[in-house]
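Engineer: Would you be able to build a 3D model of this:
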Amino acid sequence: MMRTYNDEDIARLVPFPSPQANKYTRGKLTLVVGSPVYPGAAVLASMAAQRAGAGYTEAYVEDSIVPQIQMARPSLVVHPWNRWDASQCKPCTEEHPCAFVMGCGFDPQDPYLASIVRRLLRAAQAPVLIDGGALGFMSSRKVRELCRERCERGYATIVTPHAGEATTLAGPFGLATDDPEQLALDLSRAYGVTVVLKGPDTLVSDGDGLYRMSRGTAALAKAGTGDVLAGITGALLAQGLDPVDACVLGTTLHARAASLAETDLSAVSVCAEDVIEYLPKAVLAVLNREYDE
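Structural biologist: Presented below is the predicted three-dimensional model:
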């Protein structure tokens, strides 16, 4: 069944901090991201998360790129991968919400990263968003089992594939891939996850319902914009939003920021960094129900 969110519904989802808020009550987002080949993915996802309202954003990245990430974003807390340990995945609470993002900039052939994915899925007592290279590990039997176990324990897992990645995820279950709406539903049910199926129209499904975000733009067809979406959505999860609500608001803000950037810069020139730059204006536009028709 197709879900509907009108403009007022989406505006109400924007998570404003209370006057008594501190950086922890506003939500802690931990990103396990980046690689020597793709350090920019870590920067883009982390910057987007900060702009989307997470109170405390920390990134675990490959040891050699820690200085690059620190220089790119001084307000970001940066650690090397070798300091990450599953014991740090303490339970989140209503007073101190949290979430995790992993995979932006990962090498899907790296067995060390595959082990991090498994350990994080097993240990995290909070929403986990899986993006980028980490999606390459999803079709393994062990990761599929961990996703189902998380679902049974009541912990949300969100995956954000584009069409090609969704086809790979469909393989182990023999799912048909010719109908994107049905594919989003089927993937969600098969893995026990919330699916954000990215495309000209982006589809969000938790296996029960389906939402179509049709306000995107071809300006988003640039490298790095998926990392930006992961950071935005992860930040909203870290602030305590329901997984589907976070995905709907995240995709809407992402698309609106790109549209605003396109108006000023043209669809030719918009880059992922511009989407982040225009995110504050997108928040105001969503609050004021201002959309291009």
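Engineer: Could you check how far residue 27 is from residue 201?
Structural biologist: Counting by C-beta to C-beta, to the nearest Å, the gap from residue 27 to residue 201 is 29 Å. (C-beta placed from N, C-alpha, C; glycine too.)
Engineer: Mind checking which of these two has more residues around it?
Structural biologist: residue 27 (29 against 13; other C-beta atoms under 10 Å).
Engineer: my guess is the more buried one meets residue 53, correct?
Structural biologist: Yes: look at residue 27 against residue 53 with C-beta atoms under 8 Å: they come within range, at 7.3 Å.
Engineer: who touches both of the two?
Structural biologist: 15, 235, 239 (C-beta atoms under 8 Å, 6 or more residues apart in numbering).
Engineer: Out of those, which sit inside strands?
Structural biologist: Applying DSSP state E to these, no entry is found in strands.
Engineer: so how far does stretch 100-115 reach from one end to the other?
Structural biologist: Taking C-alpha to C-alpha, to the nearest Å, stretch 100-115 runs 16 Å from one end to the other.
Engineer: Tell me which residues of it come out buried.
Structural biologist: Burial within stretch 100-115, assessed by neighbour count using 16 or more other C-beta atoms under 10 Å, is assigned to 100-108, 113-114.
Engineer: chain center to that stretch: distance?
Structural biologist: Distance, stretch centre to chain centre, for stretch 100-115: 14 Å (C-alpha atoms, centre = their mean, to the nearest Å).
Engineer: Averaged pLDDT, that stretch. What do you get?
Structural biologist: Across stretch 100-115, pLDDT averages out at 92.
Engineer: do stretch 255-274 as well
Structural biologist: On average, stretch 255-274 scores 97.
Engineer: If you count neighbours, what's buried in it?
Structural biologist: Neighbour-count burial for stretch 255-274 [16+ other C-beta under 10 Å]: 255-262, 267, 270-274.
Engineer: One more: stretch 276-283?
Structural biologist: So for stretch 276-283, counting by 16+ other C-beta under 10 Å, buried means 276-279, 282-283.
Engineer: Now find how far off-centre it is within its chain.
Structural biologist: 16 Å.
Engineer: cool, and stretch 99-117?
Structural biologist: 14 Å.
Engineer: can you check stretch 209-222 too?
Structural biologist: 14 Å.
Engineer: can you check stretch 59-72 too?
Structural biologist: Chain-centre distance of stretch 59-72: 20 Å, with C-alpha atoms, centre = their mean.
Engineer: Over to stretch 35-45?
Structural biologist: 15 Å.
Engineer: can you list contacts of it?
Structural biologist: Identification of contacts with stretch 35-45 by C-beta under 8 Å, 6+ apart yields 31, 33-34, 59, 61-62, 64-65, 68-69, 72-73, 101, 104-107, 110, 131-133, 224, 227-228, 230-231, 234, 272-273, 276.
Engineer: Okay then, goodbye and thanks.
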